[in-house]
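Chemist: Give me the fold of what follows.
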Amino acid sequence: QVQLVESGGGLVQAGGSLRLSCAASGRTFSTSAMGWFRQAPGKEREFVAAIGWTGGTTHYADSVKGRFTISRDNADNTVYLQMNSLKPEDTAVYYCAATKRLAWLLPSGYDYWGQGTQVTVSS
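Modeler: Got it, this is the predicted structure:
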């Protein structure tokens with residue numbers, strides 16, 4: 001069992017930065033892949049980034065490549081999403097998720113979810 005709590009969201013101007021954190025409880029964090037997803041009003045939840053349990057493998061959605069960086073600290077049971085050069089279209093609720101399966105790019109591939117944190121980017 002893994003419990004996830006996101007933090008770090010807020011309101012930022014276009015071009016600004018935010019760092020999201022996801023604190024995990026449970027012994028299996030260090031052997032779980034972690035992902036960030038987002039959901040804007042009226043849209044489906046979409047993949048943003050994922051990281052393997054060692055931190056050596058990462059994947060990004062094309063829309064955030066070069067702007068967002070996912071990282072993890074297994075000693076602190078925390079995964080991060082550094083978001084730079086934010087755009088209004090990045091506005092959404094951001095969720096972190098954990099999985100031991102291999103379908104990292106799909107919401108259905110994850111077993112545990114946080115409650116989400118709102119990110120709003122003004123133009």
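Chemist: give me the number of residues near A98?
Modeler: A98 has 24 neighbouring residues, counting by other Cβ atoms under 10 Å. For glycine as for every other residue, the C-beta is placed from the backbone atoms N, C-alpha and C.
Chemist: tell me the contacts of it?
Modeler: Contact analysis of A98 by Cβ atoms under 8 Å, 6 or more residues apart in numbering lists V2, L4, A24, T28, F29, S32, A33, M34, G35, Y110, D111, Y112.
Chemist: And the furthest pair within these?
Modeler: T28 and G35 (14.9 Å; Cβ to Cβ).
Chemist: higher neighbour count, these two?
Modeler: Comparing T28 with G35 by other Cβ under 10 Å, the one with more neighbours is G35, at 28 against 14.
Chemist: Following the chain onward from the helix or strand where the more buried one lies, which element is next?
Modeler: Taking DSSP states H and E as the criterion, G35 maps to strand 33-39. As assigned by DSSP H and E, the chain's next helix or strand after strand 33-39 is strand 46-51.
Chemist: got a list of contacts for that next one?
Modeler: For strand 46-51, contacts defined as Cβ under 8 Å, 6+ apart pick out 33-39, 57-61, 64, 68-72, 79, 81, 94, 104-107.
Chemist: ditto for stretch 109-123
Modeler: 1-14, 16, 18, 20, 22, 35, 38-39, 83, 86-103.
Chemist: Would you map the strands across the chain?
Modeler: 3-7, 10-13, 18-25, 33-39, 46-51, 58-60, 68-73, 78-83, 92-99, 112-113, 117-122 (DSSP state E).
Chemist: nearest residue to V48 other than its sequence neighbours?
Modeler: Excluding the flanking residues, the one nearest V48 by Cβ to Cβ, 6 or more residues apart in numbering is W36, at 4.3 Å.
Chemist: residues in contact with the spatially most central residue of the chain?
Modeler: Nearest to the geometric centre of the chain sits W36, at 2.3 Å (Cα atoms, centre = their mean). The contact partners of W36, by Cβ under 8 Å, 6+ apart, come to L20, C22, V48, A49, A50, I70, V79, L81, Y94, Y95, C96, A97.
Chemist: Quickly note the distance from it to G9.
Modeler: For W36, the distance to G9 equals 12 Å [Cβ to Cβ, to the nearest Å].
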